[in-house]
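Chemist: structure for the following, please:
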Amino acid sequence: MSATGEDREELAGYIGVWWQAINDFLDLLEAVPEQQWATPTELPGWDVRAVASHVAHLEGILAGGPEETAEVGEPPHVRGLMGLYTEIGVVNRREATPDAIINEIREATTARHTTLLADPPTDGSAQPSPIFGGVPWTWRTLLRNRPLDVWMHEQDVRRAVGMPGGMDTAPAKHTAEYLAEAMGFVLGKKVGAPSGTTLVLNMAGSEPFAFTVNDAGRGEALTDLPTDPTVTLTMDRETFIGLAGGRHPAEPDAITVDGDQDLGRQVLASMATTP
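Modeler: Numbering: from 1, shown residues only. Next up, the predicted model:
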């Protein structure tokens, strides 16, 4: 298969996972009673309505809608320029009804899905247009990120309103394995483990991940599992997502640490790689 063909197949896979994530998210939002849209989530300053508004905002831009503006102010939960940008969608939909937000997401994503199927991207390294906030992402980064963002927010809503589920879907697996790729960064950069250190992540529902710290002090993935890793972490997908997504601490006894116990504790305390 040519490089272009490989890119096309890879990108089409991400589009399919994103589309499932969108439909699962919409199904969930439709099941949430209107009075629960004001329920706070684990994301500081955001309730269920804010989470749904954020998704509506970004998907609307990606579908070709105009960039939005709003007086965001200086809310205490917002950090950085991207945080200010994403708050725009929340502010602009504070008075919108749940049905209006749901319909906005459905209309924008249906239009975008139709466009992506009619004219699919073929070069993962090319720059997509449109893109929200002018972020310098490639097609590959954008299309890999969208299922992660939507599915993580599905889980934010589920935890807020007490409707667990969605842990065994394709978007769930995509998100968990995407986040797992950052464990090398956690090991080498955030923890600062010495060169030669090895880490194995056993996450239920996925093949094991292995990482080492190279001579330059950078964490990198290993294609083969080390025979005697410095530390091995074993947990289920939900536990991993809670830590890597920076949402909530693990339940007692939800993680098994084999090998260097102190290093294991350091890694677990440093796992959050996405807001």
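Chemist: the longest helix in this structure is where?
Modeler: helix 3-31 (DSSP state H).
Chemist: list the buried residues for that one?
Modeler: Across helix 3-31, burial judged by 16 or more other CB atoms under 10 Å covers 7-8, 10-12, 14-22, 24-26, 28-29. Placement of C-beta: from N, CA and C, glycine included.
Chemist: what of stretch 72-86?
Modeler: 72, 78, 84-86.
Chemist: okay, who's weakest in the residues you listed by pLDDT?
Modeler: Of all these, residue 78 carries the smallest pLDDT score, 86.
Chemist: would you confirm that that one contacts residue 87?
Modeler: Yes: because the distance of 5.4 Å satisfies CB atoms under 8 Å, residue 78 is recorded as touching residue 87.
Chemist: who touches both of those two?
Modeler: Counting by CB atoms under 8 Å, 6 or more residues apart in numbering, the shared contacts of residue 78 and residue 87 are residue 72.
Chemist: just how off-centre is the longest helix of the chain within its chain?
Modeler: Distance of helix 3-31 from the chain centroid (CA atoms, centre = their mean, to the nearest Å) equals 13 Å.
Chemist: show me what secondary structure element comes after it.
Modeler: Downstream of helix 3-31, the next assigned helix or strand under DSSP states H and E is helix 48-62.
Chemist: what packs against that following helix?
Modeler: helix 3-31, helix 80-91, helix 98-118, helix 139-161 (3 or more CB pairs under 8 Å, 6 or more residues apart in numbering; DSSP states H and E).
Chemist: using JSON lines, lay out those helices together with distance to residue 38.
Modeler: Formatted as JSON lines, the helices and strands packed on helix 48-62 follow (distance: least, CB to CB, whole Å):
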{"stretch": "helix 3-31", "distance to residue 38": "14"}
{"stretch": "helix 80-91", "distance to residue 38": "13"}
{"stretch": "helix 98-118", "distance to residue 38": "10"}
{"stretch": "helix 139-161", "distance to residue 38": "10"}
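Chemist: wait, which of those is closest to residue 49?
Modeler: helix 98-118 (7.1 Å; CB to CB).
Chemist: which positions in the closest one come out as buried?
Modeler: 98, 101-102, 104-106, 108-109, 111-113, 116.
Chemist: ok, now how distant is residue 29 from residue 19?
Modeler: Applying CB to CB, to the nearest Å, the value for residue 29 to residue 19 is 16 Å.
Chemist: can I get the CA coordinates of stretch 170-188 in CSV?
Modeler: Output of stretch 170-188 as CSV, limited to C-alpha atoms (Å, rounded to 0.1, in the frame of the first residue of the first chain):
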residue,chain,number,x,y,z
ALA,A,170,-14.1,1.8,20.1
PRO,A,171,-13.7,5.5,21.2
ALA,A,172,-12.9,4.3,24.8
LYS,A,173,-10.1,2.0,23.5
HIS,A,174,-8.9,4.7,21.1
THR,A,175,-8.7,7.3,23.9
ALA,A,176,-7.0,5.0,26.5
GLU,A,177,-4.4,3.8,24.0
TYR,A,178,-3.7,7.3,22.7
LEU,A,179,-3.2,8.6,26.3
ALA,A,180,-1.0,5.5,27.1
GLU,A,181,1.5,6.7,24.5
ALA,A,182,2.3,9.6,26.8
MET,A,183,3.6,7.3,29.5
GLY,A,184,7.1,7.6,28.1
PHE,A,185,6.9,11.4,28.6
VAL,A,186,5.6,10.9,32.1
LEU,A,187,8.5,8.5,32.9
GLY,A,188,11.3,10.6,31.4
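Chemist: surely residue 169 touches residue 25?
Modeler: No: in this structure residue 169 lies outside contact range of residue 25 using CB under 8 Å: 10.9 Å.
Chemist: now for the two: what residues contact both?
Modeler: Counting by CB under 8 Å, 6+ apart, the residues touching both residue 169 and residue 25 are residue 151.
Chemist: per-residue confidence at residue 275?
Modeler: Per the predicted model, pLDDT is 60 at residue 275.
Chemist: wait, residue 68
Modeler: Model confidence at residue 68, expressed as pLDDT, equals 93.
Chemist: wait, a helix at it?
Modeler: No: secondary structure of residue 68 (DSSP: H, G, I helix; E, B strand; the rest coil): coil, not part of a helix.
Chemist: any weak-confidence spans in this protein?
Modeler: Low-confidence segments of the chain (pLDDT under 70): 1-4, 275.
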